[in-house]
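A.B. asks: Give me a model of this one.
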Amino acid sequence: MIDLYSWSTPNGRKVSIMLEELGLPFTVHRVDIRKREQFEPEFLKISPNNRIPAIVDSEGPDGEPYSMFESGAILVYLAEKTSSPLLPAEGRGRYETLVWLMFQMGGVGPMFGQAHHFMFKPKEDVPYGKKRYHDETRRLYGVMDRRLAETAYLAGDDYTIADIATYPWTARHPRHEVDLGEFANVKRWYDAISERPAVQRGMETIPDPV
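C.D. replies: A predicted model of the protein is given here:
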């Protein structure tokens with residue numbers, strides 16, 4: 001059994017989608033970041049960087065309970081735990097998957113997140129921040145679009161954890177004022193992933209607050 005500590009953010013939804021794709025049983029524990037519950041001592045024992053998502057696997061690598069944080073690491077762990085083709089075991093496919101996973105972790109997540117911060121219901125209007133992160137977000141969409149002109153999915157012909165990691169961030173495109181119609185290959189990829197039942201379930205594990 002997996003205990004998932006999460007909220008309705010793109011990073012949180014990566015892991016709920018992954019668990020649904022793998023068909024693993026899991027229990028959801030909501031960590032309401034609006035109420036700063038991520039700073040509660042009990043949660044910090046699981047995620048010392050006070051960030052969601054985090055998991056506790058009752059049957060860790062050594063058979064004992066194991067907790068971990070960092071969404072990309074969790075995706076790799078769950079894929080390897082289940083020997084899932086969502087992370088190929090070897091060869092070019094494995095490395096391409098890790099490359100595009102790191103692209104999400106180092107680029108898409110931080111930059112799209114900053115675009116959200118400065119552009120979606122900001123507490124203060126900061127034109128420089130809005131332009132800087134909107135421009136960088138559009139640049140990253142361009143990188144994805146050129147890649148997806150050559151391949152069905154980010155890592156190649158097959159759907160992988162790289163797509164699972166990137167999709168929930170792309171789902172927030174209205175918040176960073178990007179029209180997917182301008183990036184035809186990203187839109188084709190996004191629409192295809194949106195049709196996956198596991199993705200639909202994972203995106204609704206913790207709905208957006210009203």
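
A.B. asks: Against Phe183, how distant is Arg132?
C.D. replies: To Phe183, Arg132 is 20 Å away according to C-beta to C-beta, to the nearest Å. Bear in mind the C-beta positions are built from the backbone N, C-alpha and C, glycine included.

A.B. asks: more neighbours, the two?
C.D. replies: Using other C-beta atoms under 10 Å, the more surrounded residue of Arg132 and Phe183 is Phe183, with 22 against 15.

A.B. asks: The chain: strands as residue ranges?
C.D. replies: Ranges of strands in the chain, per DSSP state E, are 2-6, 26-30, 54-57, 66-69.

A.B. asks: Of all these, which one is nearest Lys81?
C.D. replies: Set against Lys81 and scored by C-beta to C-beta, those come closest in strand 54-57, at 7.4 Å.

A.B. asks: hmm, who's touching the closest one?
C.D. replies: 2-6, 15, 43, 46-47, 65-69, 74, 77, 81 (C-beta atoms under 8 Å, 6 or more residues apart in numbering).

A.B. asks: Just the buried subset of those residues, please.
C.D. replies: 2-6, 15, 43, 46-47, 68-69, 74, 77, 81 (16 or more other C-beta atoms under 10 Å).

A.B. asks: Just name the closest of those to Met144, please.
C.D. replies: Val15 (21.2 Å).

A.B. asks: Just to check, Ala165 is in contact with Val76?
C.D. replies: No - in this structure, Ala165 is not within contact of Val76 by C-beta atoms under 8 Å, at 10.1 Å.
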